[in-house]
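> here is a sequence with its predicted model. Questions after.
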Amino acid sequence: TLWRTFASPWQPSGLGSPGPTSPALLLLGVVPAVTLGAIGAAQKLLLVVLAAIGFAGAYHLLAGVTHRPARVVAGLAYLFGPLGFAGVREGALGALALGAVAPFAVRALFEATGWSRPPGWDHGRGAARIALTSALAGAFVPGSLILLAIAAVLLSMLRLLVGPVRGSLNGLVVSLGGLL
């Protein structure tokens, strides 16, 4: 039914209206298909998957900075912190989805602005990672795109204070280009 709602030109919320729906419904339609229509199992699976993605994102966010035990602790703190707890307690799917995607988006912004670049980093792939993570975040929480743009500007401006001007501006262009 989520895919049917996504494809329908009529949106049944409120009194109903014509127009497009959130792209999140297309992504959310996969979960009931995996559980063969069991809605309760789909909810539980979605919570577990989003929590696991958030843990992995926080773990990988600190990959180049600290050792494995500290990354595990950071992932657990992120998982059981205010965002995860509030999302589960209140059933805020947008908060859980943003919490799952945000560490990957922040890492892509760190790499694009030059704060932590792995060997062989490519501008095109960096922009594609930013575009993918921002599209996923924006599908569930449209306001997150503004937050990611502010983060890109702040990271680039801070990098400007400690690094070369050309690298900072290049990172800003890649970051904002990926967000657009």
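Here it is on my side, so go on. Numbers count the residues shown, from 1 in each chain.
> where in the protein is pLDDT low?
For the chain, residues meeting the criterion pLDDT under 70 lie at 1-3, 6, 13-14, 165-168.
> longest helix in it, by residue count?
Longest helix in the chain by number of residues, with DSSP state H as the criterion: helix 39-61.
> against which helices or strands is it packed?
Packed against helix 39-61, as judged by 3 or more Cβ pairs under 8 Å, 6 or more residues apart in numbering; DSSP states H and E, are the following elements: helix 30-34, helix 68-80, helix 82-90, helix 93-113. All C-beta spots, glycine's among them, are computed from the backbone N, C-alpha and C.
> what's the most buried one of those helices?
Most buried of the helices and strands packed on helix 39-61, by mean neighbour count (mean count of other Cβ atoms under 10 Å): helix 93-113, with a mean of 23.
> alpha carbons of it, as CSV, please.
The C-alpha coordinates for helix 93-113 follow below in CSV (Å, rounded to 0.1, in the frame of the first residue of the first chain):
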residue,chain,number,x,y,z
LEU,A,93,10.6,7.7,11.9
GLY,A,94,12.1,10.9,10.5
ALA,A,95,14.4,11.3,13.5
LEU,A,96,15.5,7.6,13.3
ALA,A,97,16.1,7.8,9.5
LEU,A,98,18.0,11.1,9.9
GLY,A,99,20.0,9.6,12.8
ALA,A,100,20.9,6.6,10.6
VAL,A,101,22.0,8.8,7.6
ALA,A,102,23.6,11.7,9.4
PRO,A,103,27.0,10.1,10.4
PHE,A,104,27.5,9.1,6.7
ALA,A,105,26.6,12.6,5.5
VAL,A,106,28.9,14.2,8.1
ARG,A,107,31.8,11.9,7.1
ALA,A,108,31.3,12.8,3.4
LEU,A,109,31.3,16.5,4.3
PHE,A,110,34.5,16.0,6.4
GLU,A,111,36.2,14.3,3.5
ALA,A,112,35.0,16.9,0.9
THR,A,113,36.2,19.9,3.0
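> no further questions, thank you.
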